[in-house]
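Engineer: I need the structure of the sequence given here:
(chains A, B, C, D, E and F)
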6 protein chains.
Amino acid sequence: MRILIVNPNTTASMTDRIAAAAESVAAPGTKLLAVTSSMGPASIEGYYDEALAVPGLLQAVRLGERDGARAAIIACFDDTGLDAARCAAAIPVIGICEAAVVTASFIAQRFTVVTTMERSRLPLEALMDRYGVGRRATVRAADIHVLSLEDPTSSARERLCREIERALREDRAEAIVLGCAGMADLPRQLQAEYGVPVVDGVAAAVKQAECLVTLGLATAKGGAYAYPLQKRYAGILDAFAPVNGASTT
Amino acid sequence: MRILIVNPNTTASMTDRIAAAAESVAAPGTKLLAVTSSMGPASIEGYYDEALAVPGLLQAVRLGERDGARAAIIACFDDTGLDAARCAAAIPVIGICEAAVVTASFIAQRFTVVTTMERSRLPLEALMDRYGVGRRATVRAADIHVLSLEDPTSSARERLCREIERALREDRAEAIVLGCAGMADLPRQLQAEYGVPVVDGVAAAVKQAECLVTLGLATAKGGAYAYPLQKRYAGILDAFAPVNGASTT
Amino acid sequence: MRILIVNPNTTASMTDRIAAAAESVAAPGTKLLAVTSSMGPASIEGYYDEALAVPGLLQAVRLGERDGARAAIIACFDDTGLDAARCAAAIPVIGICEAAVVTASFIAQRFTVVTTMERSRLPLEALMDRYGVGRRATVRAADIHVLSLEDPTSSARERLCREIERALREDRAEAIVLGCAGMADLPRQLQAEYGVPVVDGVAAAVKQAECLVTLGLATAKGGAYAYPLQKRYAGILDAFAPVNGASTT
Amino acid sequence: MRILIVNPNTTASMTDRIAAAAESVAAPGTKLLAVTSSMGPASIEGYYDEALAVPGLLQAVRLGERDGARAAIIACFDDTGLDAARCAAAIPVIGICEAAVVTASFIAQRFTVVTTMERSRLPLEALMDRYGVGRRATVRAADIHVLSLEDPTSSARERLCREIERALREDRAEAIVLGCAGMADLPRQLQAEYGVPVVDGVAAAVKQAECLVTLGLATAKGGAYAYPLQKRYAGILDAFAPVNGASTT
Amino acid sequence: MRILIVNPNTTASMTDRIAAAAESVAAPGTKLLAVTSSMGPASIEGYYDEALAVPGLLQAVRLGERDGARAAIIACFDDTGLDAARCAAAIPVIGICEAAVVTASFIAQRFTVVTTMERSRLPLEALMDRYGVGRRATVRAADIHVLSLEDPTSSARERLCREIERALREDRAEAIVLGCAGMADLPRQLQAEYGVPVVDGVAAAVKQAECLVTLGLATAKGGAYAYPLQKRYAGILDAFAPVNGASTT
Amino acid sequence: MRILIVNPNTTASMTDRIAAAAESVAAPGTKLLAVTSSMGPASIEGYYDEALAVPGLLQAVRLGERDGARAAIIACFDDTGLDAARCAAAIPVIGICEAAVVTASFIAQRFTVVTTMERSRLPLEALMDRYGVGRRATVRAADIHVLSLEDPTSSARERLCREIERALREDRAEAIVLGCAGMADLPRQLQAEYGVPVVDGVAAAVKQAECLVTLGLATAKGGAYAYPLQKRYAGILDAFAPVNGASTT
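Structural biologist: A predicted model of the protein is given here:
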């Protein structure tokens, strides 16, 4: 079972850490393919970065499906481009925020998502509403840059822990959800440290992808996720024009 | 990895079909243990049956955890006793409705749950709200008895199909969720027949249980799901009294 | 007019205090019958206790209806077993939380429920949503055991008052709702002390029961509260099996 | 116990019927005082009539409190002026819509309100949301004038019944709420005719008023329902100016 | 284009300031007519004042429409009488709260409304829900009397600023909405002082009125805003009786 | 006052019609600049087209702001890229759906949006929720291609009218909102034909843009709409990399 993981942040070192986290939970028969998007922002911080990460992401998902992937994962906690990717492909497409939230919901009634920057807080609160956990989830920002999570000399880890401690004390969080793909290496350490369940979206998404493939379920194409219609695309995005109403280039 | 499936309907033949559906999707390393609850209603149809199915269910979950189960599944689409079972045990406990809804959410924006009896419609609508999909899900009742699903001479299958057809036409459902553990043998046939994703909660729950165990996640015990406190239990339920605040008998 | 009050906490001294609070507000023609459930937990603290209190409660409601009660009250602020009891009987069944919330709604726009233990906070928040006052009500836990309310040497009263003071100051509560049947003796004292309306659910439920009986209204049996269907019940709960689809044993 | 019922429709014959319905359910010790408002529309049909019924209503409530009423009822199903009346007085003020909805909530999960004119449908839907039953209640208009309910030769009764039948069939209503004070004489007949609970707001409000008085509860004056501040009122409404911040003239 | 602004607070000096704020943003072709209501409270503080301001307001709107106004503005942040005024007239009627909220929504995701008195906080929270921004808007009261905003020796301005500062710090408000018509002279100064968008409802409503007139849009009369029906009005309000179902006196 | 209108559908003839509709309502001092996006789909029909229209849209907004536009309008009813554009620029950015909904809200309590294709229905329902009118608005699809609106020989106009008629009859819509920029030439004709208010988003957005500019209000940059951070952008989108945290290229 081939599963594609697309890192829409165009930073290859971040993809490596994502891949490692994914591998650590993959089932024996699963073959993971982690790719770095070839166009867009080095890191996704806010709506502008999000929007411009989507074309590269869609391209990667379409190529992945063409090459035999059975499911695709969007490894950015904003779940950017999720709906468009579900239109572009027939294989299941899973956002890591959605996967993390769903997973946390099975084990806790109230949880806190700790993300990186304040500018991502409101977009994530909107996602919590979309995924139906608006009343169960609190979102906090640790005030760190996404790529600083890669830098052992930064204070990113300290800031993250400080916010987790606030979540446990002030939000009475029963569990913690890590709100950035760049934190995918941390859940087990933090779970040991704080004694509460800690959920990472990358690992959660790998398992959800395996579930859907095993269950023989694919994206419903009879409604909002119908394939895009065949039409002309202008300018540098002409390569994205749907052909014959199909999702392949 | 041992996973317990409790059928709170005290009808062994129904447990057999549930077990078969579960086996068909279990991972190679998973050892499923499907048990029929030893007390309560032969089938769960409405709030009264639901409530009286819970003691037997809790006993089965506690015994299962004692005997080494790593996760437990409640195989009734009302997810009866879910919160109580999460208090009683530390292993993850998964309701088949919750698992089905979560699974459908990854592949469709709007879906319809087709359940058995009208009296289960409102309880399921309340569950849709609890699981945050109240605006995405429609609930329909096919007007069939739970145990008639076991009887090939009944009209249960026809009624179920008629309601699925209405869901596709009138609700514009993008996917169908089967709203009874007794339908666990049907999803693949119906998916082939109707050309839309069809989700069964038993299979979905097996996969979610495997996910949680692999991710090293267990029920959060620091809030609403804390272990019950040690106290006296009167009458025929005295065996359920928590001992030392622990979940084992 | 006979009205049944069932204390699903199997502690007779608590029933006595509930009965006294009920008597103090009953109309001249009302004959109250307060019974202690014969099976289940000594006190209800959390989901596990709640679930196991239900069989005893249902038995008491069915016996009460058989013996001529015109309405039944469930004297536990979690309103445990409310839906099942409404299926089991034709007489109106009233939860003390529901009655208290409804009563407070007539006299205040925002109010705070002060309950006993933290583990009951989330279940009560879910009830506030169910009863449609989720945006008007705050729930606070005073961190006291239910049965400590019976012990004059405990600090229960002090803790309760401290939380009421917080509610008035921090929540700007216009009224206080006492969130445990064990507090039924306190509303008038506390109302005098704090100068805001203080609502107790036991007294409120007695009045609601009288209302419904006088108005000639009974539980609607044409939908979710239909009588349970006749079927076999296994194990020690066999005595609960519905007979001829009727609610009497 | 004196209870004031104000009919804000300035039609005395309607007040008589309201009084009769109220008397039929009042407790032995209750002395009802039904008054017709002295200013405003002959019948309340839509927002404009509603708004202009309020001054007369407030005057009647203030006079009633001065003369010893222990609670006041607003006998118009739009609950017009409810918040202002709660500011004007310290005694509990009850709207008949609020009382009916609360009463229906104890005995049915889903119910339908049948009101008079289409122009009242949206205002009542807004009230359903305010009272927290937006998802449980459907509102239907029977397309009849309020005062035609007084005319035995009109088709009002037939239209009302036709809409009740639609509610039972199409909404699967478990109970019916009569959505106009002018229907206060009908609930018992209709209940017998249709075999489902039928709730009238006038009778329900009388019982709620008795409840609140017996429980020693009055309107919370520490928040949104504080007494109006002393100030000058211009023009023909000068008599309404609050004096010394008190509610009496 | 004549646009009517009605100040339902019967204080002429306040109307002058409202008129000045309105003039400062009106388009060249707009002729503003600001009138002080001839009956009702000197200032609107709470539900009681609100209700009694409505008759004078309705009279002014009807006269304004008769005299050629193309749109009407209600210059009180409670949007008192808005629905009734929309029934009474065919021209668009705009509340300044509604206009301010809509305007703020185009430029900020989260904003805080700073109003005068605590007793207005809950009514404004209800308006935020009505206008669909309940989750985006926080309401704060600065604890000042409406008319003290006219008095340069009062501490009103300081209290207002203190509350704005709290909003920026504690609510993380992206913009501020001034929650009283008496603050209409302040937005530009405060915007300069705090460096965030500051929205005043009076100015916002003038622009919305111009929009609607230019777009050729008037109040929909086919539903909840239908003209009032012809009927008798009793007592001192007899002049408000609708004539021939039309809105003119 | 220069106002930019970006048509993210890369079809110039459609831009011409949008410009004409905009000109017909613009104030004398307004200078409109209507541009066709230089990259992306010929028409926007569903999530995939939407996502790929965004880069071209953002480029046009940034260029427009650089060249002196005081506000920008996104002329696609999906309001695609709205949040990203608000980050990219300091000038107000207005979506035509948002503007239409806001405008309709001032004149009607319930309205129906009639859009083109079924695949746009769910995205628009999500927008209705975002803009807080989920309970007031119904969304219908007329089953027409966006570009067929340009073709006088197509049945597009008939299908649109048929759906409007259904909205008036079945939804009891008080007003109609045209749910596609390609319908911008139709509101006045349809309003005359059906006798109910008909709102077009392009015209509505022009007026809202003028409002915001006159009021001196710009996008709040202190929260979710902060300027994008300076960083590297990979691949063909490198020209979109934010420079010095500013929005200009």
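Engineer: burial count for A:Lys31?
Structural biologist: By the criterion of other CB atoms under 10 Å in any protein chain shown, A:Lys31 has 11 neighbours. For every residue, glycine as well, the C-beta is placed using N, CA and C.
Engineer: pLDDT value on it, please?
Structural biologist: What the model reports as pLDDT for A:Lys31 is 98.
Engineer: Likewise for A:Ala69?
Structural biologist: 98.
Engineer: Run through the residues that contact it.
Structural biologist: A:Arg2, A:Ile3, A:Leu4, A:Leu33, A:Ile91 (CB atoms under 8 Å, 6 or more residues apart in numbering or on different chains).
Engineer: What sits closest to the fourth one if chain neighbours are left out?
Structural biologist: Nearest residue to A:Leu33 in three dimensions, chain neighbours excluded: A:Leu4, at 5.1 Å (CB to CB, 6 or more residues apart in numbering or on different chains).
Engineer: Tabulate the CA atom coordinates of the helix or strand where that neighbour lies in PDB.
Structural biologist: If you go by DSSP states H and E, A:Leu4 is part of strand A:2-7. Extracted in PDB, the C-alpha atoms of strand A:2-7 (Å, rounded to 0.1, in the frame of the first residue of the first chain):
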ATOM      1  CA  ARG A   2       1.700   3.200  -1.200                       C
ATOM      2  CA  ILE A   3       0.700   6.300   0.700                       C
ATOM      3  CA  LEU A   4       1.900   9.700  -0.400                       C
ATOM      4  CA  ILE A   5       2.800  12.400   2.100                       C
ATOM      5  CA  VAL A   6       3.100  15.900   0.600                       C
ATOM      6  CA  ASN A   7       4.900  18.600   2.600                       C
END
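Engineer: Show me what it is packed up against.
Structural biologist: For strand A:2-7, the elements it packs on are helix A:12-23, strand A:31-36, helix A:47-66, strand A:71-74, helix A:201-214, judged by 3 or more CB pairs under 8 Å, 6 or more residues apart in numbering or on different chains; DSSP states H and E.
Engineer: Out of those, which is the most enclosed?
Structural biologist: Among the helices and strands packed on strand A:2-7, the stretch with the highest mean neighbour count (mean count of other CB atoms under 10 Å in any protein chain shown) is strand A:71-74, at a mean of 30.
Engineer: How about residues contacting that strand?
Structural biologist: Strand A:71-74 is contacted by residues A:3-6, A:8, A:22, A:57, A:61, A:64-65, A:80-82, A:85, A:89, A:91-96, A:99, A:202, A:205-206, A:209-210, A:212-213 when judged by CB under 8 Å, 6+ apart.
Engineer: Ok, stretch A:192-200 next?
Structural biologist: A:21, A:100, A:103-104, A:107-108, A:111, A:161, A:164-165, A:168, A:173-178, A:183-184, A:186-188, A:190-191, B:215, B:217-218, B:220, B:222.
Engineer: Sort out which of the residues you listed are buried, if you could.
Structural biologist: A:21, A:100, A:103-104, A:107-108, A:111, A:161, A:164, A:168, A:173-178, A:183-184, A:186-187, A:190-191, B:215, B:217-218, B:220, B:222 (16 or more other CB atoms under 10 Å in any protein chain shown).
Engineer: Can you flag which of the residues you listed belong to strands?
Structural biologist: Assigned to strands by DSSP state E, the following of these qualify: A:Phe111, A:Ala175, A:Ile176, A:Val177, A:Leu178.
Engineer: At the geometric centre of chain A, which residue sits there?
Structural biologist: Chain A has A:Ile96 as the residue nearest its centroid, 3.0 Å off, counting by CA atoms, centre = their mean.
Engineer: Without its sequence neighbours, what residue ends up closest to it?
Structural biologist: A:Gly201 is the one closest to A:Ile96 (CB to CB, 6+ apart), at 3.0 Å.
Engineer: tell me the domain ranges of chain A?
Structural biologist: Domain segmentation of chain A under automatic domain parsing yields A:2-95+A:204-240, A:98-200.
Engineer: low pLDDT regions in chain A?
Structural biologist: Where chain A drops to pLDDT under 70, the residues are A:244-249.
Engineer: what residues does it put near chain E?
Structural biologist: A:Glu118, A:Leu122, A:Asp129 (CB under 8 Å from any CB of the partner chain).
Engineer: Identify each buried residue in stretch A:1-12, please.
Structural biologist: Applying 16+ other CB under 10 Å to stretch A:1-12 flags A:Met1, A:Ile3, A:Leu4, A:Ile5, A:Val6, A:Asn7, A:Pro8, A:Asn9, A:Thr10, A:Thr11 as buried.
Engineer: can you tell if stretch A:14-30 touches chain B?
Structural biologist: Yes - contact of stretch A:14-30 with chain B (CB under 8 Å from any CB) involves A:Val25, A:Ala27, A:Pro28, A:Gly29.
Engineer: Restrict the residues you listed to the buried ones and give me that as a PyMOL selection.
Structural biologist: Under the burial definition 16+ other CB under 10 Å, those of the residues of stretch A:14-30 next to chain B that qualify are selected in PyMOL by:
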select buried, chain A and resi 25+27
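Engineer: can the residues of stretch A:14-30 next to chain B go into CSV with extra columns for secondary structure?
Structural biologist: Listed next are the residues of stretch A:14-30 next to chain B as CSV, based on DSSP: H, G, I helix; E, B strand; the rest coil:
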residue, secondary structure
A:Val25, coil
A:Ala27, coil
A:Pro28, coil
A:Gly29, coil
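Engineer: CSV please, covering the residues of stretch A:14-30 next to chain B and showing distance to chain C.
Structural biologist: As requested, those are arranged in CSV below (distance: CB to the nearest CB, whole Å):
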residue, distance to chain C
A:Val25, 29
A:Ala27, 33
A:Pro28, 37
A:Gly29, 38
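Engineer: Out of the residues of stretch A:14-30 next to chain B, which is nearest to D:Val243?
Structural biologist: Proximity of the residues of stretch A:14-30 next to chain B to D:Val243 (CB to CB) peaks at A:Val25, which lies at 73.0 Å.
Engineer: Next, work out how far apart the closest one and C:Arg62 are.
Structural biologist: 50 Å (CB to CB, to the nearest Å).
Engineer: A:Ala146 contacts A:Pro41, correct?
Structural biologist: One thing to correct before we go on: residue A:146 is Val, not Ala. No - counting by CB atoms under 8 Å, A:Val146 sits too far from A:Pro41 to count as a contact (9.6 Å).
Engineer: which residues are in contact with both of these two?
Structural biologist: Common neighbours of A:Val146 and A:Pro41 (CB under 8 Å, 6+ apart) are A:Asn9.
Engineer: Pull the number of nearby residues for the closest residue in space to A:Val54 that isn't next to it in sequence.
Structural biologist: Nearest residue to A:Val54, sequence neighbours excluded (CB to CB, 6+ apart): A:Gly81, at 3.9 Å. For A:Gly81, the number of neighbouring residues by other CB under 10 Å comes to 28.
Engineer: how much space is there between A:Gly81 and A:Gly40?
Structural biologist: A:Gly81 sits 10 Å away from A:Gly40, going by CB to CB.
Engineer: And for A:Arg136?
Structural biologist: Using CB to CB, one gets 32 Å for the distance from A:Arg136 to A:Gly40.
Engineer: Looking at those two, which one has more neighbours?
Structural biologist: Legend: neighbour count by other CB under 10 Å for A:Arg136 and A:Gly40, higher for A:Gly40 (31 against 20).
Engineer: Using PDB, write down the CA coordinates of stretch A:104-119.
Structural biologist: C-alpha atoms of stretch A:104-119 as PDB (Å, rounded to 0.1, in the frame of the first residue of the first chain):
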ATOM      1  CA  ALA A 104      -8.000  13.200  20.000                       C
ATOM      2  CA  SER A 105     -11.800  13.000  20.000                       C
ATOM      3  CA  PHE A 106     -11.700   9.300  20.700                       C
ATOM      4  CA  ILE A 107      -9.700   9.700  23.900                       C
ATOM      5  CA  ALA A 108     -10.600  13.100  25.400                       C
ATOM      6  CA  GLN A 109     -13.600  15.400  25.700                       C
ATOM      7  CA  ARG A 110     -11.600  18.600  25.800                       C
ATOM      8  CA  PHE A 111      -8.200  19.200  24.300                       C
ATOM      9  CA  THR A 112      -5.900  22.100  23.300                       C
ATOM     10  CA  VAL A 113      -4.200  22.600  20.000                       C
ATOM     11  CA  VAL A 114      -0.800  24.300  20.400                       C
ATOM     12  CA  THR A 115       0.300  25.800  17.200                       C
ATOM     13  CA  THR A 116       3.200  28.100  16.200                       C
ATOM     14  CA  MET A 117       2.300  31.600  15.400                       C
ATOM     15  CA  GLU A 118      -0.600  33.900  16.500                       C
ATOM     16  CA  ARG A 119      -1.500  34.500  12.900                       C
END
